[in-house]
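1. pasting the structure only:
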Ligand code: F6P
């Protein structure tokens, strides 16, 4: 017979909506008579045994806050078998029956290791501004990040238009062009440079020269940080065209701030569903919402590279500008 789950540990990375997911986990578990313990600083806290019990009250007033009340870190030690064994020993010591791990690719890869190699009950919740989890339509935090970047671009456009300048705006995404492509569409930007589409930079320069001949004087060019540095792009444009350029690097403002309604609702649904999946015996899976329907997928699949049709997004941007 399946052992009843009495205590769940939860780990979080940071992005907007993660606190809302944590609140949903704690309160759903509480309604089922299950204790939740928060792990401080993600895998680092798992290795060190930094666990704190979380009550309904502990997660009150956090729904609309960005970041994570549990703090987080990037932990290299957890990538080694020694680190993983220390973490498993702490899980046993704290009498944890199951884990919920909220985060992006690295977090879910770790979740898969714990479930598949150490036979632990683990459910992942996708949360990353990069929205690059395979098989997952929307991860928590991505909608807020795109909205934050879009609002910044709307403001930049005011100056770009008034002063007739070219702006190169660098958005987050070391390996992912998700924020860049979505914000370019939402913000009506003229050019997009992302890691996934290896287009010819000389065609961008030609487009600007051609446009300028027709009287066009202002552009907003979006570059994902993983593709190039905005300053380098701006310099190349001004030396090739003689036109004035300015740069804005949006940086970490995209990962923080009040989550959008979409992210709060997604987080509430996924957080609550993750607890129910664990209680029903689910493990080594991550939860997701597709077309409004909740479902699970194996972590093995979720940790493969995501296929996203960036070519079509880039083509649409070209048509619309
Ligand atoms: O994976 C989320 C992300 O925000 C990426 O978009 C970005 O490249 C990276 O994390 C930045 O990481 P850090 O905050 O550790 O510099």
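-> Received the coordinates, thanks. Everything numeric in this text was worked out from a predicted model, so none of it was measured.
2. contacting residues for the closest residue to residue 177 other than its chain neighbours?
-> Nearest residue to residue 177 in three dimensions, chain neighbours excluded: residue 194, at 2.6 Å (CB to CB, 6 or more residues apart in numbering). In this view, the C-beta of every residue, glycine as well, is placed from N, C-alpha and C. Residues in contact with residue 194 (CB atoms under 8 Å, 6 or more residues apart in numbering) are 173, 177, 180-181, 223-224, 226-227, 310, 314.
3. residue 286 should be in a strand, yeah?
-> Yes - the assignment for residue 286 is a strand, going by DSSP: H, G, I helix; E, B strand; the rest coil.
4. does it touch residue 295 like I think?
-> No - at 10.0 Å, residue 286 does not count as touching residue 295 under the criterion of CB atoms under 8 Å.
5. looking at those two, which one has more neighbours?
-> Legend: neighbour count by other CB atoms under 10 Å for residue 286 and residue 295, higher for residue 286 (31 against 12).
6. the closest residue to residue 141 other than its chain neighbours: what secondary structure?
-> Computed as CB to CB, 6+ apart, the closest residue to residue 141 that is not its neighbour in sequence is residue 15, at 3.0 Å. The three-state assignment at residue 15 reads coil, by three-state DSSP.
7. around the ligand, pick out the residues from the stretch 1-150 of the chain.
-> Residues of the stretch 1-150 of the chain lying near the ligand by CB under 6 Å from any ligand atom: 74, 104, 128-130.
8. go with 8 Å
-> The stretch 1-150 of the chain has residues 15, 74, 104-105, 128-130, 132 near the ligand, with proximity defined as CB under 8 Å from any ligand atom.
9. likewise the stretch 201-321 of the chain?
-> Residues of the stretch 201-321 of the chain lying near the ligand (CB under 8 Å from any ligand atom): 225-226, 252, 254-255.
10. how far is stretch 240-255 from where the chain is centred?
-> 22 Å (CA atoms, centre = their mean, to the nearest Å).
11. run through who's touching that stretch.
-> 14-16, 66, 129, 141, 145, 148-149, 152, 156, 159-160, 165-172, 179, 205, 208-209, 212, 217, 230-231, 234-235, 237-238.
12. what does stretch 52-61 give?
-> Counting by CB under 8 Å, 6+ apart, 10, 19, 22-23, 26-27, 30, 35-38, 40, 69 sit against stretch 52-61.
13. ok, 10 Å please
-> By CB atoms under 10 Å, 6 or more residues apart in numbering, the residues outside stretch 52-61 that reach it are 7-10, 19-20, 22-27, 29-31, 35-40, 45, 69-70, 94.
14. so how do I select the buried members of these in PyMOL?
-> This is how PyMOL selects the buried members of these, with burial counted by 16 or more other CB atoms under 10 Å:
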select buried, resi 7+8+9+10+19+20+22+23+24+25+26+27+29+30+35+36+37+38+39+40+45+69+70
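15. go through the contacts of stretch 52-61 and flag which are in helices.
-> Residues from those lying in helices, with DSSP state H as the criterion: 19-20, 22-27, 29-31, 45.
16. my read: residue 43 touches residue 78, true?
-> Yes - using CB atoms under 10 Å as the test, residue 43 is close enough to residue 78 to be in contact (3.7 Å).
17. where do the contact lists of those two overlap?
-> 84, 87, 106-107, 110, 114.
18. nearest to residue 51 among those?
-> Proximity of those to residue 51 (CB to CB) peaks at residue 87, which lies at 11.3 Å.
19. care to break this protein down by domain?
-> Annotated domains of the chain cover 7-141+259-302, 145-256 [automatic domain parsing].
20. out of these, flag the one nearest residue 319.
-> domain 145-256 (10.8 Å).
21. distance from the closest one to the middle of the chain?
-> 21 Å.
22. quick one: low-confidence residue ranges for the stretch 51-200 of the chain.
-> Along the stretch 51-200 of the chain, no part satisfies pLDDT under 70.
23. which residues touch residue 177?
-> 130, 132, 171, 184, 192-197, 222-224, 226-227, 308, 310, 313-314 are the contacts of residue 177 under CB under 10 Å, 6+ apart.
24. done for today, thanks.
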